[in-house]
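Novice: Need a 3D model of the following:
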Amino acid sequence: MSVYKNQRKAEAVRADDPYKKLSSVIRQARQNISQKVMPGALCLRLINGDGPTQLQRLINGLAPEDRDHAIANIYTLLLDQRRRRELGAYFTPPHLVNHLLSRLQQFGLDIRKHRIHDPAAGGAAFIVPIARRLVIHLKAEGFSDENILSDLRGRLSGMEIDRGLAVVANALVRRMLRGEFGLKLEREFSLISQGNSLKSEDDEKVDAIIGNPPYGKVGAEGNKQWREKFSDIAGGQLNLYSMFVRQGLDRLKPGGLLGFIVPMSFIGGPEFSLFRKRITEMADVLAIDLIEKRVDVFLDVVQDATIVVLQRKFDAPKSIVPTCAMVQADASIKNLGVPIVTNDGKPWRLPSTGLLEGGFRLSDYGYTATVGHLVANRQSDRLRKKKNKGDWPLIWAKAITSNGKFDHKRGLEHTDKIWVTAPENAPYIIRKACVVLQRTSNRKQKRRLNAAAIPKSFIKRHGGVVGENHVIFLIAGEKPRITPQRLAILMNSDSVNRRFESMSGTVSVSAKLLGEIDLPDPALLGNMNRSNAEYVIATAYAKSFFGQQVKQSSSPNDITEPTMQNRGAKGEESLGSVKRLYKAGRETGGAGYMQSSKLYALCGTFNQIR
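Specialist: A predicted model of the protein is given here:
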């Protein structure tokens with residue numbers, strides 16, 4: 001019986017677009033392959049060239065590295081979802097593999113001399129291209145087949161937890177060596193062993209660790225199993241990728257390199273504080289590269305990922321300045337600057353070209369952040385469809401509209417229960433003026449922070465509100481510096497969102513991290529409203545940073561000439577950002593901003609700062 005559910009003709013693919021060709025192969029496989037097919041058996045047939053006709057034709061039309069990537073993804077498509085999540089089986093596309101290899105070579109990796117290990121080898125995404133490059137070198141130097149294979153075994157190794165995937169990965173290695181170079185191999189030649197790297201007792205030191213380790217929290221059982229071994233990085237729940245990084249550093253020689261593709265959550269997440277501290281004790285951070293796209297990078301997953309390169313410290317301390325680049329959707333590279341990496345466990349900050357330092361925090365504004373109390377699925381008996389005596393408005397994330405307004409009844413789009421019973425004296429009832437934010441963002445939203453002010457009249461009418469666990473409240477103290485309405489506008493602004501993104505790479509919003517966002521002087525936001533927000537906020541950051549005598553107004557026509565303080569390269573870099581933010585203001589409704597000749601003069605004056 002055919003493994004295809006039907007025999008419809010494969011869709012045509014543009015021959016000059018490898019990315020469309022690759023995605024088309026995977027899409028065709030998803031639509032047509034029966035889930036009853038054994039993953040390993042089908043992939044081995046595709047590797048050997050005798051797979052189902054239509055699919056084999058598509059596979060054969062790909063470049064070798066794309067072919068391997070497609071076959072590895074087809075393997076995962078045939079796994080049940082639970083097993084796939086357990087494995088964290090989301091494989092690295094070729095352009096990211098090539099970028100990470102180039103980065104490692106930039107920092108001293110020599111594939112002809114160094115021993116390299118991939119502890120989560122998956123579909124041999126890294127082992128195959130490294131082996132390919134090494135064979136090219138060895139062939140050019142006149143090595144015999146026997147010596148080439150011996151050299152490969154001595155320099156390259158990998159481990160994969162899934163037995164079937166390890167078989168497929170080694171088959172991909174053999175296909176490359178035989179098909180591309182005509183090497184004579186024994187049938188069972190392999191570079192990748194089957195096993196759990198986290199349990200491996202192999203302590204032989206290597207020169208480089210490379211890979212894309214699995215992501216995901218280990219859960220309650222995993223924490224019991226691993227917490228003692230990884231106690232020096234276990235600030236919150238352990239995550240698989242942080243464990244792989246920590247163990248990888250243990251296996252490196254002094255000066256050895258680790259290059260991983262991992263989620264961005266470690267950069268600013270409070271639960272990664274011990275991880276950041278321990279990593280900087282053991283290694284120097286050489287590079288943190290961002291990946292432009294959140295979607296369609298790893299099959300079936302929305303993930304903010306980053307490429308991190310670490311170097312195990314020598315006995316003698318070295319002065320290292322880390323770098324940061326953006327791997328763009330077309331595989332081109334854009335240099336971003338220097339990230340701020342501290343050794344005290346505090347959030348690291350990614351460069352965001354030209355962001356000005358305001359110098360204020362949420363506490364300076366007179367606000368504190370707290371997470372909504374109610375976990376709805378655990379306390380469903382307290383939820384109500386209609387308000388009765390003793391009930392309070394339950395604030396769901398849906399109550400925050402996309403344009404930054406509060407609508408309690410909008411929660412009905414998520415559930416029919418927007419009231420909750422609670423004791424009159426419950427400490428988690430919010431009774432003051434406040435701002436409410438969504439704790440998570442999704443691919444459809446334009447920004448990470450989505451906030452709305454809860455009107456004072458609403459609080460007064462109901463006596464207070466209770467938050468569901470997917471919202472965060474910013475609660476005003478005795479003397480707030482700005483109103484909740486203006487604070488919500490500020491949090492929704494492009495300026496603040498860009499700063500938050502430089503601190504946090506996860507879709508989750510942390511109350512603790514909100515308290516660390518750099519904000520402008522609140523005294524400069526007194527005339528801010530929705531229509532002029534981007535302009536006013538950008539100007540406030542400029543004045544806060546430079547200490548310039550720029551008159552605060554709602555129109556650039558009233559701007560006075562800035563003083564020439566704080567001279568330096570940072571000033572020039574920062575004004576490009578100000579100009580972009582003014583343009584953003586135009587795009588969001590301030591059509592008159594960019595028409596002012598004085599605005600251009602202001603930017604020109606800033607650009608003269610040396």
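
Novice: Isn't T368 up against P480?
Specialist: No - taking contact to mean C-beta atoms under 8 Å, the distance of 10.4 Å between T368 and P480 leaves them out of contact. Quick note: C-beta positions are derived from backbone N, CA and C, even for glycine.

Novice: Name the residue in the two with the higher neighbour count.
Specialist: Of the pair T368 and P480, P480 is the one with more neighbours under other C-beta atoms under 10 Å, namely 19 against 16.

Novice: Quick one: the helices in the stretch 151-300 of the chain, in order.
Specialist: Taking DSSP state H, counting those that start in this stretch, the helices of the stretch 151-300 of the chain run over residues 163-181, 219-226, 240-251, 265-268, 273-282.

Novice: Single out the most deeply packed of those.
Specialist: Per residue and on average, the most neighbours among those fall to helix 265-268, with a mean of 25 (mean count of other C-beta atoms under 10 Å).

Novice: now it, how far from the centre of its chain.
Specialist: Put simply, helix 265-268 sits 8 Å off its chain's centre (C-alpha atoms, centre = their mean, to the nearest Å).

Novice: what about that helix, average pLDDT?
Specialist: Regarding helix 265-268, the rounded mean pLDDT is 86.

Novice: try stretch 418-434
Specialist: For stretch 418-434, the mean confidence score works out to 94.

Novice: Which positions in it come out as buried?
Specialist: Taking 16 or more other C-beta atoms under 10 Å as the basis for neighbour counts, the residues of stretch 418-434 that come out buried are 418-422, 428-430, 432-434.

Novice: ok, the residues you listed vs D66, which is closest?
Specialist: Proximity to D66 was ranked across those by C-beta to C-beta; first place goes to I418, at 49.2 Å.

Novice: so that closest one makes contact with P393?
Specialist: Yes - taking C-beta under 8 Å as the contact criterion, I418 and P393 are neighbours in contact, 6.8 Å apart.

Novice: and the buried residues of stretch 418-434, which two are the farthest apart?
Specialist: T421 and A433 (23.9 Å).

Novice: quick one: the helices in the stretch 451-600 of the chain?
Specialist: Taking DSSP H, counting those that start in this stretch, the helices of the stretch 451-600 of the chain run over residues 456-462, 484-492, 494-501, 511-514, 533-546, 569-587, 597-607.

Novice: Just the terminal-to-terminal distance for stretch 190-198.
Specialist: This stretch, stretch 190-198, spans 21 Å end to end (C-alpha to C-alpha, to the nearest Å).

Novice: same question for it, mean pLDDT?
Specialist: Model confidence over stretch 190-198 averages 95 on the pLDDT scale.

Novice: show me where pLDDT drops low in the stretch 501-610 of the chain?
Specialist: Counting by pLDDT under 70, the stretch 501-610 of the chain has low-confidence residues at 505-506, 547-610.

Novice: Can you check what pLDDT the model gives the residue sitting furthest away from the middle of the chain?
Specialist: Outermost residue of the chain with respect to the C-alpha centroid, by C-alpha atoms, centre = their mean, is K389; its distance is 44.9 Å. As summarised for this prediction, K389 has a pLDDT of 89.

Novice: returning to that earlier point: in TSV: the helices of the stretch 151-300 of the chain, plus distance to I517.
Specialist: Formatted as TSV, the entries for these read as follows, by distance: least, C-beta to C-beta, whole Å:
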stretch	distance to I517
helix 163-181	41
helix 219-226	30
helix 240-251	24
helix 265-268	10
helix 273-282	17
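
Novice: Relative to I472, which of those is closest?
Specialist: helix 265-268 (15.1 Å).

Novice: one step back: for the helices of the stretch 151-300 of the chain, which one sits closest to I116?
Specialist: Across the helices of the stretch 151-300 of the chain, I116 has its closest neighbour in helix 240-251 (11.3 Å, C-beta to C-beta).

Novice: And the closest one, what does it pack against?
Specialist: In terms of contacts (3 or more C-beta pairs under 8 Å, 6 or more residues apart in numbering; DSSP states H and E), helix 240-251 is packed against strand 206-211, strand 252-263, helix 273-282, strand 305-312.

Novice: export the ones you listed to JSON lines and tack on distance to T342?
Specialist: Compiled in JSON lines, the helices and strands packed on helix 240-251 are given as follows (distance: least, C-beta to C-beta, whole Å):
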{"stretch": "strand 206-211", "distance to T342": "24"}
{"stretch": "strand 252-263", "distance to T342": "19"}
{"stretch": "helix 273-282", "distance to T342": "7"}
{"stretch": "strand 305-312", "distance to T342": "15"}
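
Novice: for the buried residues of stretch 418-434, which one is nearest V338?
Specialist: C434 (36.8 Å).

Novice: before we move on, the earlier item: right, so of the helices and strands packed on helix 240-251, which gets closest to G515?
Specialist: For G515, the closest of the helices and strands packed on helix 240-251 is helix 273-282, at 13.8 Å, according to C-beta to C-beta.

Novice: Only the C-alpha atoms, please, for the closest one, written as CSV.
Specialist: What follows is the C-alpha trace of helix 273-282 in CSV, where atoms were taken according to Å, rounded to 0.1, in the frame of the first residue of the first chain:
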residue,chain,number,x,y,z
SER,A,273,19.6,34.4,37.1
LEU,A,274,21.8,31.7,38.5
PHE,A,275,22.4,30.3,35.0
ARG,A,276,23.6,33.7,33.7
LYS,A,277,25.9,34.1,36.8
ARG,A,278,27.4,30.6,36.5
ILE,A,279,27.9,30.8,32.8
THR,A,280,29.9,34.0,33.1
GLU,A,281,32.0,32.4,35.9
MET,A,282,32.9,29.5,33.6
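
Novice: what's in contact with that helix?
Specialist: By C-beta atoms under 8 Å, 6 or more residues apart in numbering, the residues outside helix 273-282 that reach it are 232-235, 242, 245-246, 249, 266, 285, 310, 312-313, 341-348.

Novice: Break the protein into its domains for me.
Specialist: Annotated domains of the chain cover 18-78, 92-116+200-351, 120-195, 362-519, 531-607 [automatic domain parsing].

Novice: Lowest average pLDDT across those domains?
Specialist: Of all these, the segment with the smallest mean pLDDT is domain 531-607, scoring a mean of 49.

Novice: where do the strands sit along the stretch 1-150 of the chain?
Specialist: Counting by DSSP state E, counting those that start in this stretch, the stretch 1-150 of the chain forms strands over residues 116-118, given from the N-terminal end onward.

Novice: And the helices in it, which stretches?
Specialist: Remark: helices of the stretch 1-150 of the chain, listed N- to C-terminal, are 18-32, 39-48, 53-60, 64-77, 81-87, 94-106, 127-140, 145-155; assignment by DSSP H, counting those that start in this stretch.

Novice: buried residues in the second one?
Specialist: The reference is to helix 39-48. Using 16+ other C-beta under 10 Å as the test for burial, helix 39-48 gives 39-40, 42-47.

Novice: and that helix, what other elements does it pack with?
Specialist: Packing contacts for helix 39-48, counted by 3+ C-beta pairs under 8 Å, 6+ apart, involve helix 53-60, helix 64-77, helix 163-181.
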